[in-house]
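Okay, here's the prediction I keep looking at, along with the sequence it came from:
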Amino acid sequence: MYVRLVRRLAVGLVVTLALFAAPQAMSPATAAVLTATPADPPLPSYPGLPPLTGSTTLATVTTTPTPCGDNGTDRHLTRNEVLTRARSWLSVGIPYSQERCYRNSYGDYRTDCSGFVSMAWGLGGSGSSYWTGNLDLQSYPITRSSLQPGDALLRHTGDPAENHVALFVEWADSAHTQPVVIEQTGSRDTVQDSWSSSYASLYTPARYTNIVETGMVDVSLSSGRSYFGDGQHHVYERGVGDSLQHFWYTVGDSGWDKAI
């Protein structure tokens with residue numbers, strides 16, 4: 001259901017960025033999960049990786065023991081920003097570990113597969129808070145045909161020999177069955193490679209909740225958060241009971257719409 005608002009009311013629309021960007025308060029149970037999360041051990045093998053060729057010696061970076069540092073609030077990132085963050089771990093020699101953290105300009109995160117994806121997505125809080133068993137708190141499943149750069153391929157069966165997550169980059173084949181991924185692996189640090197279709201079929205495609213889709217540009221209004229894309233101007237504010245309200249204006253239309 002939609003209600004029509006006159007355009008002049010938009011001038012007085014107050015949008016509170018702090019309220020929009022702030023994460024929801026966690027219950028004690030959820031907080032306990034995020035402060036005592038297990039890590040993801042290296043898989044016994046990586047069927048998607050091709051044979052080693054040539055020298056693979058990398059300069060090893062400095063890491064520190066877990067828990068990792070606080071990375072602030074969850075970020076809203078474009079797909080290009082996610083890939084830029086992901087590539088910051090490539091070819092720098094980050095040893096795989098469930099108990100170590102690596103810090104660069106994008107934050108301080110655990111050096112296993114889920115810590116890597118947490119870094120690429122810009123997840124807030126401690127960089128050792130998430131693993132394959134709770135990344136669903138920050139993502140949702142999508143169809144395989146919907147995969148786009150910056151999405152993830154997630155597998156959590158409860159078996160440490162199978163749990164793993166990787167970041168999707170593109171398709172290696174025209175049939176869209178062999179994904180190119182960046183992953184923090186137990187055998188070769190951080191790598192970008194393609195998976196076989198049979199191996200990829202074991203994984204569930206997942207999308208980061210706060211991804212900013214192509215065409216949606218943050219115009220950084222001083223009064224709050226607003227996006228413009230596909231001919232529409234979208235504005236958000238917190239309402240009664242801290243509910244998120246969504247207003248939008250379509251170019252060429254006579255006023256603002258509001259979802260209620």
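All right, it came through fine. Please read all numbers here as calculations on a predicted model, not as lab measurements. Residues are numbered from 1 along each chain as shown.

Was I right to think residue 164 contacts residue 40?
Yes: using C-beta atoms under 8 Å, residue 164 is in contact with residue 40, at 6.8 Å. Glycine gets a C-beta too; all of them are placed from N, C-alpha and C.

Need the residues touching each of these two.
By C-beta atoms under 8 Å, 6 or more residues apart in numbering, residue 164 and residue 40 have these common neighbours: 113, 132.

Distance of residue 187 relative to residue 158?
22 Å (C-beta to C-beta, to the nearest Å).

neighbour-wise, which of those two wins?
Neighbours were counted for residue 187 and for residue 158 using other C-beta atoms under 10 Å; residue 187 has more, 13 against 8.

Report pLDDT for that one.
pLDDT for residue 187: 71.

next one: residue 47
Listed pLDDT for residue 47 reads 53.

how about residue 183, phi and psi?
Phi and psi for residue 183, reported as degrees, to the nearest 10, are phi -150, psi 150.

Tell me the secondary structure of the closest residue to it other than its chain neighbours, please.
Counting by C-beta to C-beta, 6 or more residues apart in numbering, residue 166 is the residue found nearest to residue 183 once chain neighbours are left out, at 3.7 Å. When classified by DSSP: H, G, I helix; E, B strand; the rest coil, residue 166 comes out as strand.

Distance-wise, check residue 166 relative to residue 122.
Using C-beta to C-beta, residue 166 is found at 17 Å from residue 122.

Those two: who's more crowded?
Using other C-beta under 10 Å as the criterion, residue 166 and residue 122 rank with residue 166 on top: 28 against 21.

who's the more buried one bridged to?
Residue 166 has these beta-bridge partners by DSSP bridges: residue 153.

Below-threshold pLDDT in the stretch 1-150 of the chain: ranges please.
Within the stretch 1-150 of the chain, the ranges that satisfy pLDDT under 70 run 1-37, 43-59.

mind listing the helices for the stretch 51-200 of the chain?
For the stretch 51-200 of the chain, the helices defined by DSSP state H, counting those that start in this stretch occupy 79-87, 113-121, 197-200.

Distance to residue 133 and mean neighbour count added to those helices, as CSV?
As requested, the helices of the stretch 51-200 of the chain are arranged in CSV below (distance: least, C-beta to C-beta, whole Å; neighbours: other C-beta atoms under 10 Å):
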stretch, distance to residue 133, mean neighbour count
helix 79-87, 21, 19
helix 113-121, 9, 29
helix 197-200, 21, 17
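
Out of those, flag the one nearest residue 106.
Proximity to residue 106 (C-beta to C-beta) singles out helix 79-87 among the helices of the stretch 51-200 of the chain, at 4.9 Å.

Now do the closest one against helix 113-121, angle only.
140 degrees (axes from the mean of the first three to the mean of the last three C-alpha atoms, to 10 degrees).

mind exporting helix 79-87 as PDB, just the C-alpha atoms?
Extracted in PDB, the C-alpha atoms of helix 79-87 (Å, rounded to 0.1, in the frame of the first residue of the first chain):
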ATOM      1  CA  ARG A  79      30.300  -4.600  -5.500                       C
ATOM      2  CA  ASN A  80      33.400  -2.900  -6.800                       C
ATOM      3  CA  GLU A  81      34.300  -1.900  -3.200                       C
ATOM      4  CA  VAL A  82      33.800  -5.500  -2.000                       C
ATOM      5  CA  LEU A  83      36.200  -6.800  -4.800                       C
ATOM      6  CA  THR A  84      38.700  -4.100  -4.000                       C
ATOM      7  CA  ARG A  85      38.800  -5.100  -0.400                       C
ATOM      8  CA  ALA A  86      39.000  -8.800  -1.300                       C
ATOM      9  CA  ARG A  87      42.000  -8.200  -3.600                       C
END
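
which helices and strands does it pack with?
Contact partners of helix 79-87 among helices and strands, from 3 or more C-beta pairs under 8 Å, 6 or more residues apart in numbering; DSSP states H and E: helix 113-121, strand 164-171, strand 179-185, strand 211-212.

Tabulate those (CSV), appending distance to residue 134.
Listed next are those as CSV, based on distance: least, C-beta to C-beta, whole Å:
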stretch, distance to residue 134
helix 113-121, 9
strand 164-171, 11
strand 179-185, 17
strand 211-212, 18
